[in-house]
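Asks: Just a sequence and a predicted model for now, questions to come.
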Amino acid sequence: MKILKFGGTSVGSADNIRRVKDIIQNQNNRVVIVVSALGGITDRLIKAATLAAEGDGQYASEVKQIVEIHQDSIKSLFSDEQKQQEVFDMVAPEFDELNSITKGVFLIRELSRKSLESISGIGERLSSKIIASFLNAKWFDSRKYIKTYVEYGRSQVDLEATNKLLLEVVPKLDKISLFPGFISSNKKGDNTTLGRGGSDYTASLLAASFDADMLEIWTDVNGFMTADPKVISRAYCIEHLSYAEAMELSHFGAKVIYPPTILPAYQKKIPITIKNTFNPETPGTLIDGQKETPKPRQIKGISSIKNVSLLTVHGMGMVGVSGISMRLFASLAAEEINVILISQASSENSISIVIESDQSEKARKAIEKEFKRELDDRHISGIVIDDQMAVVAIVGENMKHTTGMSGLLFNSVGKNGVNVYAIAQGASELNISFVIKERDIKKALNVIHESFFLSDYSRLNLFLVGKGTVGSKLLNKIAAQSEKLMNENRLKIRLIGLAGRKGMLLNNEGMDASTAIENLEKESIPGTVEDFRDRIIDMNLANSVFVDCSASGEVAAIYQSLLDANVSVVTANKIASSSSYSTYKKLKDTAREKGIRFFFETNVGAGLPIIAPINDLVRSGDKIVRLEAVLSGTLNYIVNTLSEDKPLSEVIIEAKEKGFSEPDPRVDLSGTDVVRKSLILARESGYNLEEADVQVEPFVPQEYLDLPSLEEFMRKVKELDAPFEERRQKALKEGKRLRYGARLTSEGKAVVGLMEVDRTHPFYDLEGSNNIVLIWSEHYFEHPMQIKGYGAGADVTAAGVFADIIKVANV
Ligand SMILES: NC(=O)C1=CN([C@@H]2O[C@H](COP(=O)(O)OP(=O)(O)OC[C@H]3O[C@@H](n4cnc5c(N)ncnc54)[C@H](O)[C@@H]3O)[C@@H](O)[C@H]2O)C=CC1
Ligand SMILES: N[C@@H](CC=O)C(=O)O
C-alpha cells in the first residue's frame, strides 16, 4: 500500500486536481490519499477569522469568496448537474459551519483557540470531500482517528490513541481511500489541527499505522534541492537523503516537507519520496535508511533561515555557575519562544541563541525577569540582540569523521567577507550551522554551493571601469574566450558592471561583453566612480573582481574600500601601486589578510610576465640586487622610429595611434610612466622606494611639459624635431642607439633617463615598442635573468589583464 499526499498547489485548481487523478490512475496498488486545502484557502480562512474577531464586516465577503472558490471547483470538475448537486449537498455542512462560527466570532469579537482550529481546518474538510468524489475514493474523516492533546501551548498527537484508532480503519480501506490532512480532534471531540504543513504529518501517521510500503509527498518542486533555487539558480535536486538529513534540511528552511513527518516514517522504516505533481516523470528525492553506493558527497544540501535574531547573554558571573542554561531556556519555554540555534563558548562567559525576530523583545523581557538579580548585581552584564540575521546550515551524514569540512566552509565564506557571528555543530557531525547577517545570505549560499557542489566550475563576477583602448579590447577577449574558458577551464566569467566617465551599467545576471559598450552608451545610469563602488559593495556578490582599465587617480582611490569589502582588484592603471609606499603596502596587505587578490602584472611591461617572476624569486628566498630596464613602449617606439623623414612630433602621434602611449602622452614623455614602473618594480623586488628616491631626466625638456594644454604641447613640440634628429644622428655616427632606460641599485635608488648604448649592450637590439628587464640577484649574479618582448599595446595589455582575472579564480 502507498500513501500519497497532495499539497495545496497540487490541488489548487480544477486542472491540477485532474493531474492528481492521472497520477492516481497510474497506481497499481491500493492507495491512501491525503489532501491539503485548495491552495491559499487556509490563509483566507485565518484572515476571515481574524477580521471577524476585529469586528471588521469584511470577514463576510472573505467567507463568501471561500465558498465561491469551492463552488467553482465543483462546477468545473463535475459536468453532470446531478453529481454537482450531490457534491454541493455534501459540502453544505462545512459552508454552514464556516458561516456560523465566523458570525459568532464577529458578534462576540473574540477568537478562541477552539474556534480558530475549527475554522482553519474547514479547508481540508472541503477539499477532501470534493476530491474524494472526483476520484471515486472512499472518504474518511481524519478527525475521528487522529487525536491530539495540548502541551506547551501546542497540539501534540496522542500517538498511542491515534495508532489504535487507525489500525481499526485498515479493514475498511478501499482500493482508493482519501483522508483530509491537517485536521484532528481532542479527547472531548473538539476540532484541532496539526500545525501549518500538518497534512504531511497526517500522511506519515497513516503510513506508519497502515504499514505502508511507501509514502509519497506530491508537491510543486522536484524534490529537495541542494539549496534554495530562488537564491542559487544552479541548485539541483538531491536524489537521495537519509531520514536524518531530510529532517535537518527541512528544519533549516527547506520547506519541502513538514519536519515532524519524518519521524513516524523513520520509526517504521517506510521510504518517503518527494515528487512533483507538475513533473511526475522526474524521480524526485528518495528518503530512506539505505546506505548509498557509491559513497555520496559529504554535504547533501545547504539550507537557511531568515528573519531571525541573535540574542547573546554575557557576563563574567555566569562562569562556573550551574543552572544558568536551565533557567535561560526554561524562561524562554514559558513564553513559547522557539530556540533555533544555541552556541556557548567553553569559557561559559556568554550564551548565544537564535530566535525568530518577532520574538526577540519578548525573549529579552523573559530573560531580564528571570535574571533580574544577576543583572542588578552585574554578574550578567548584558543582553545583546542582533536583528536581521540569518542561519545557514550545511547538512550531510558523510561529514562524520571527515576532516576539513569546517575549514572549507569557513574559508570560502571568510574569503568573501562574510562575517560569522556564531557557530553550532552537533557531535553527530550531521549539520554545521552558523549565523551571519541576513544581507550576506545570497553571497554565503553561492560560495558554499560553489565550494561543495559545483566545484566542477568556478564563477567570477566582473566590474570594469574604462572602456578605452585597453578596456574595449578586454571586453572583446572576454566575449571571445568565455565559452572556451567554461569548457576547458570550468570558469564562468560574468560581466556584472561596466562604468565609464559619465555613468554605469549593471546587471545582476551578467551582460553580454560584446555589446556592453554599446549598451552603456544607450542606457547608462548616471553616477560617479564612488557610486559604482557603492553599488558593487551593495550587490555583495561572491567572487567579485573589480577591473581598472582607466588611467585615473580617482579610480585608483577606490581600491582600498573595495578590498576592504572583499572585492579583488585587477588593474592596468599604475597610479595606486606607484603612489606612496604606505598606500601600496596597505593595498597588498589588505588583499593578503582577506585572502583575496590585488593583481597589477600589466603595470610593468604590459602583457610581459615581469612582476610574477620577480615575486617568485623573492618568495623563494633570492635577493634582487640590481635591475636595468627599458620600460616605456612609447619611448622605445619613438627612438626606434625617428628618422630623417619621421620627426619626433609625428612619431609621438603615431605612438598614441598605435595604442602604446598613455591617454595623455606627456605622461610617457615626462618619464613619469617609467618612474611609476620603476617604483613598482623596486617595491615588488623588496625595496621601500618613494618617488623622491627616483632621479629622473624627462625625455623632452621640462619647459615643454609645463605648457598649459596638450594642444599647445603638441604644437610646440615640433621645435624639438631638429634637436632630436641631431642627437640621433650623432649617436648613429658613434655606432650607438638612443634608449630611455631605468636602473635600480642595491642602495635602493633609481635613475631614469635617456642614454646611448653601443652594440655590446643588451638594449641595443631592442626593436619597436619592446621592453626589456635585466634582473641581477644572488642566484642570477653573473648573467642576469632577461625578460623581453612587446611592452605596450592594447592587445598584449588586455591579454595581461585577462590573465590576471583568470588568476584570481585560481584555475
Ligand atoms: N596601452 C598600453 O600599452 C598599456 C596601458 N596600460 C594602462 O591601461 C590603462 C588604460 O589605458 P588606455 O586604455 O590606453 O586608456 P584610454 O584613455 O583609452 O581608456 C581609459 C578609459 O577610462 C575611462 N576613464 C578615465 N577616468 C575615468 C573615471 N574617473 N571613471 C570612469 N572611467 C574613466 C576613460 O573614459 C576611458 O574610456 C592606463 O592606466 C594605462 O597606463 C598598462 C599597460 C600597457
Ligand atoms: N604608455 C605605456 C604603456 C604601458 O604601460 C608605455 O608606453 O609603455
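Replies: Happy to help now that I have it. Numbering: from 1, shown residues only. Ligands and ions are numbered 1, 2, ... in the order given.

Asks: how about the residue in the stretch 451-600 of the chain positioned nearest to ligand 2, what does it touch?
Replies: The stretch 451-600 of the chain approaches ligand 2 most closely through K574 (6.9 Å), counting by Cβ to the nearest ligand atom. No exception for glycine: its C-beta is placed from N, CA and C like everyone else's. Contact partners of K574, counting by Cβ atoms under 8 Å, 6 or more residues apart in numbering, are 600, 603, 673, 676-677, 680.

Asks: Now stretch 343-358 - C-alpha only, PDB.
Replies: C-alpha atoms of stretch 343-358 as PDB (Å, rounded to 0.1, in the frame of the first residue of the first chain):
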ATOM      1  CA  SER A 343      26.100  28.400  20.900                       C
ATOM      2  CA  GLN A 344      28.100  28.600  24.100                       C
ATOM      3  CA  ALA A 345      31.900  29.100  24.300                       C
ATOM      4  CA  SER A 346      33.600  26.800  26.700                       C
ATOM      5  CA  SER A 347      34.600  29.800  28.800                       C
ATOM      6  CA  GLU A 348      30.900  30.000  29.700                       C
ATOM      7  CA  ASN A 349      31.200  33.800  29.500                       C
ATOM      8  CA  SER A 350      28.300  34.100  27.100                       C
ATOM      9  CA  ILE A 351      25.500  32.100  25.600                       C
ATOM     10  CA  SER A 352      24.100  33.000  22.200                       C
ATOM     11  CA  ILE A 353      20.800  31.800  20.900                       C
ATOM     12  CA  VAL A 354      18.900  32.300  17.700                       C
ATOM     13  CA  ILE A 355      15.200  33.000  17.800                       C
ATOM     14  CA  GLU A 356      12.600  34.300  15.300                       C
ATOM     15  CA  SER A 357      12.900  38.100  15.100                       C
ATOM     16  CA  ASP A 358       9.400  38.800  16.100                       C
END
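
Asks: May I see the buried residues of it?
Replies: Of all the residues in stretch 343-358, those buried under the rule 16 or more other Cβ atoms under 10 Å are 343-344, 350-357.

Asks: Select from those residues every entry located in helices.
Replies: Among those, no residue falls in helices (DSSP state H).

Asks: Among these, name the ones that also lie close to ligand 1.
Replies: Counting by Cβ under 6 Å from any ligand atom, nothing from those sits close to ligand 1.

Asks: Using a markdown table, please lay out those residues together with pLDDT.
Replies: Putting the buried residues of stretch 343-358 into a markdown table (pLDDT from 0 to 100) gives the following:
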| residue | pLDDT |
| --- | --- |
| S343 | 90 |
| Q344 | 84 |
| S350 | 86 |
| I351 | 91 |
| S352 | 92 |
| I353 | 93 |
| V354 | 95 |
| I355 | 95 |
| E356 | 95 |
| S357 | 96 |
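
Asks: And the residue in the stretch 101-250 of the chain positioned nearest to ligand 2, which helix or strand is it part of?
Replies: At 38.6 Å from ligand 2, R234 is the closest residue in the stretch 101-250 of the chain, using Cβ to the nearest ligand atom. Using DSSP states H and E, R234 falls within no helix or strand.

Asks: quick one: low-confidence parts of the protein?
Replies: 152-153, 252-254, 293-296, 347-348, 427-428, 454-456, 811 (pLDDT under 70).

Asks: Quick check: phi and psi on E368?
Replies: Here is the backbone geometry of E368 (degrees, to the nearest 10): phi -60, psi -40.

Asks: what does H779 give?
Replies: H779 adopts backbone torsions of phi -90, psi -30, taken as degrees, to the nearest 10.

Asks: count of neighbours near whatever residue of the stretch 351-500 of the chain ends up closest to ligand 1?
Replies: Scanning the stretch 351-500 of the chain for the residue nearest ligand 1 gives G468, at 2.0 Å (criterion: Cβ to the nearest ligand atom). Applying other Cβ atoms under 10 Å, we find 16 residues neighbouring G468.

Asks: and if you look at G595?
Replies: G595 has 14 neighbouring residues, counting by other Cβ under 10 Å.

Asks: which ones are touching it?
Replies: So G595 contacts 411, 414-415 (Cβ under 8 Å, 6+ apart).

Asks: can we see that at 6 Å?
Replies: Residues counted as contacts of G595 (Cβ atoms under 6 Å, 6 or more residues apart in numbering) are K415.

Asks: And it, how close does it get to ligand 1?
Replies: Distance, G595 to ligand 1, using Cβ to the nearest ligand atom, to the nearest Å: 26 Å.

Asks: mind checking how far that residue is from N810?
Replies: Distance of G595 to N810, computed by Cβ to Cβ, to the nearest Å: 11 Å.

Asks: what do you get for I653?
Replies: I653 sits 42 Å away from N810 when distances are taken as Cβ to Cβ.

Asks: Now do the strands in the stretch 701-811 of the chain.
Replies: 736-744, 750-758, 770-777, 785-790 (DSSP state E, counting those that start in this stretch).

Asks: which one of those lies closest to N487?
Replies: strand 785-790 (28.4 Å; Cβ to Cβ).

Asks: Just the angle for that closest one relative to strand 770-777, thanks.
Replies: On the basis of axes from the mean of the first three to the mean of the last three Cα atoms, to 10 degrees, strand 785-790 is oriented at 170 degrees to strand 770-777.

Asks: for the buried residues of stretch 343-358, which one is nearest G195?
Replies: E356 (14.9 Å).

Asks: What sits closest to the closest one if chain neighbours are left out?
Replies: Excluding the flanking residues, the one nearest E356 by Cβ to Cβ, 6 or more residues apart in numbering is V308, at 6.0 Å.

Asks: Bridge partners for that neighbour, pull those for me.
Replies: Under DSSP bridges, the beta-bridge partners of V308 are E356, M389.

Asks: Distance of R626 relative to ligand 1?
Replies: 24 Å.
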